[in-house]
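**Q** the following block contains a protein sequence and its predicted model.
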Amino acid sequence: MDTLATAGHPALGSVYASPVSAVLALVLGLIVLVMVAYGVRHTVFTFSRLFGKQRQPYLDIGIAAWPSITVFIAAHNEEKVVAGCMEALLRTDYPRDKLRIVPVNDRSQDDTRAIIDSYVAKHPELFFPFHRTSGKPGKSAALKDALALAEGDIAIIFDADYVPPKGLLRQLVAPFFDPEVGAVMGRVVPANASSNLLTRLLDLERSAGYQVDQQARMNLRGVPQYGGTVGGIRRSAVDAVGGWHDDVLAEDTDITFRLLLGGWKTIYNNRAECYEEVPEEWSVRIRQVRRWAKGHNQVLWRCWRPLLTSPYLQLRERIDGLMLLLVFTVPPLLLVGWVLALVLYYLNGGALVALFIPMLALVAYGALGNFAAFLEIVVAVLLDGHRRRIRLLPINLLCFLVSLFAISRALVESVTDRLLGRELVWHKTLRYRKAALP
């Protein structure tokens, strides 16, 4: 019967006769299913953003008994940008008697300390610097030490290259009037999008990631992600879930999932826009992506089992949370799928590969969609009113391919680092503005 069934298709017969080909085909099929799942996920996100009810809670809170807050500015060799962040915070409309700003100067070797101290001298009632000269390197470790200087239960965190608008602090603080909220995240918008081709492509990526992806998770009551900057945390909530960890590269993802598992809500506010610098060089972009991937994979190792076994989470939170945790494993899977397709072809499995061609198209869509390169980007650009930017969409394949190999390399390094017990090292992102003294 088997011989008769495959007589009309010799290539299929050779595949089924080869155990190696059969195993490879099975693995390829599983990869295709994963990619299709991510394609469906991003399609659902996009349609939710276009046609669903837009959840924007706490948006209309303008007058309130505002709580005391502490704003932290993470800075390591940030002489080019730290003055811009501090100057912007001087223009905030948040009540001055409720505001404490802590620039966290983590072992800087440039003029960062001098710039910070010059602002402290002019505004000693507002700025309370934390000059860190020793201790564990990295942003998460520096912030963990600096949190001891906080006043009030709400901590707002910016990276030094961010320029917060006048009303941003109120927008970020408003959701904390809800006692169940543990973290709040605003929208990140590149300030240097017009610098070159790379920054334009990253502007598209950011637009889709926040305007569509994050807002859709809010709409669908999934797992909005606290992004580590342009956001805030409730200190008592963080303490309740084990405190601030300094042994992860992605402290923001770590906080997101520990708060989720602890029963706290993370809120995304799409209207709370803040401006950042994105990398202007491909080498800097690659290092940034590798750092994100390694840090994210650290959280994956720690949280996937508690996420699936938690008795308190709803099914949609488990599904969305797991797919978010696995997001940096998708590009390596796609790369493996491509290799398997080639291997099957050279093992005379051409007919079987041909059967997979329609699904491989979905594989490409799923992975590219994961990086907000097609459907989400188009919708985000339209929602932002920048229709002309759609012309860059085909070129975004370049950005995807660079990220594909950078993330795949990061996964291999993450596995070897874990097996060898090596500690991950923080790599700072290069800045491009001219150094500015007040």
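**A** That came through, no problem. Residues are numbered from 1 along each chain as shown.
**Q** from now on I want contacts and neighbour counts done on CA atoms only, so please keep to that.
**A** OK.
**Q** tell me what the longest helix belonging to the chain is packed against?
**A** Among the elements of type helix in the chain, defined by DSSP state H, the one spanning the most residues is helix 19-51. If you count contacts as 3 or more CA pairs under 8 Å, 6 or more residues apart in numbering; DSSP states H and E, helix 19-51 packs onto helix 10-17, helix 215-219, helix 330-346, helix 350-370, helix 375-384.
**Q** least reliable of these going by mean pLDDT?
**A** Out of those, the stretch the model trusts least by mean pLDDT is helix 10-17, with a mean of 45.
**Q** ranges for the strands of the stretch 51-200 of the chain?
**A** If DSSP state E, counting those that start in this stretch is used as the criterion, the strands of the stretch 51-200 of the chain fall at 69-75, 99-106, 130-132, 154-159, 181-190.
**Q** can you show me the CA trace of the longest one as PDB?
**A** Put plainly, it is strand 181-190. Taking C-alpha atoms only, strand 181-190 is exported to PDB below (Å, rounded to 0.1, in the frame of the first residue of the first chain):
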ATOM      1  CA  VAL A 181      -1.600  49.000  39.400                       C
ATOM      2  CA  GLY A 182       2.000  48.100  40.000                       C
ATOM      3  CA  ALA A 183       3.600  49.600  36.900                       C
ATOM      4  CA  VAL A 184       2.800  52.100  34.100                       C
ATOM      5  CA  MET A 185       4.400  52.500  30.700                       C
ATOM      6  CA  GLY A 186       4.300  55.400  28.300                       C
ATOM      7  CA  ARG A 187       5.000  55.500  24.600                       C
ATOM      8  CA  VAL A 188       8.500  55.900  23.200                       C
ATOM      9  CA  VAL A 189       9.000  58.100  20.200                       C
ATOM     10  CA  PRO A 190      12.400  58.500  18.400                       C
END
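**Q** list the contacts of residue 213.
**A** Residue 213 is in contact with 42, 45-46, 376, counting by CA atoms under 8 Å, 6 or more residues apart in numbering.
**Q** top of the residues you listed by neighbour count?
**A** Of all these, the highest neighbour tally under other CA atoms under 10 Å goes to residue 376, namely 28 neighbours.
**Q** checking the nearest residue to it once chain neighbours are set aside next. Helix, strand or coil?
**A** In space, and not counting its chain neighbours, residue 376 is closest to residue 208: 5.3 Å by CA to CA, 6 or more residues apart in numbering. Look at residue 208: counting by DSSP: H, G, I helix; E, B strand; the rest coil, its state is helix.
**Q** I'd assumed residue 374 was in contact with residue 208.
**A** No - applying CA atoms under 8 Å, one finds residue 208 not in contact with residue 374, separated by 9.1 Å.
**Q** more neighbours: those two, which one.
**A** Neighbours of residue 208 and residue 374, each counted by other CA under 10 Å, are more numerous for residue 208; the result is 28 against 23.
**Q** do you know how far that one is from residue 377?
**A** Computed as CA to CA, to the nearest Å, the residue 208 to residue 377 distance reads 5 Å.
**Q** now do residue 283
**A** For residue 283, the distance to residue 377 (CA to CA) stands at 24 Å.
**Q** more crowded one of those two?
**A** Taking other CA under 10 Å, residue 283 and residue 377 do not tie; residue 377 has more neighbours (28 against 10).
**Q** how close does the more buried one sit to residue 289?
**A** Counting by CA to CA, the gap between residue 377 and residue 289 amounts to 19 Å.
**Q** once you drop chain neighbours, what's closest to residue 198?
**A** If the residues on either side of it in the chain are set aside, residue 198 comes closest to residue 280, at 6.2 Å by CA to CA, 6+ apart.
**Q** burial of that neighbour, as a residue count?
**A** 20.
**Q** what does the pLDDT read for it?
**A** Confidence at residue 280, expressed as pLDDT, is 94.
**Q** state the distance from it to residue 294.
**A** Distance from residue 280 to residue 294, counting by CA to CA: 22 Å.
**Q** swap in residue 80?
**A** If you measure residue 80 against residue 294 using CA to CA, the figure is 27 Å.
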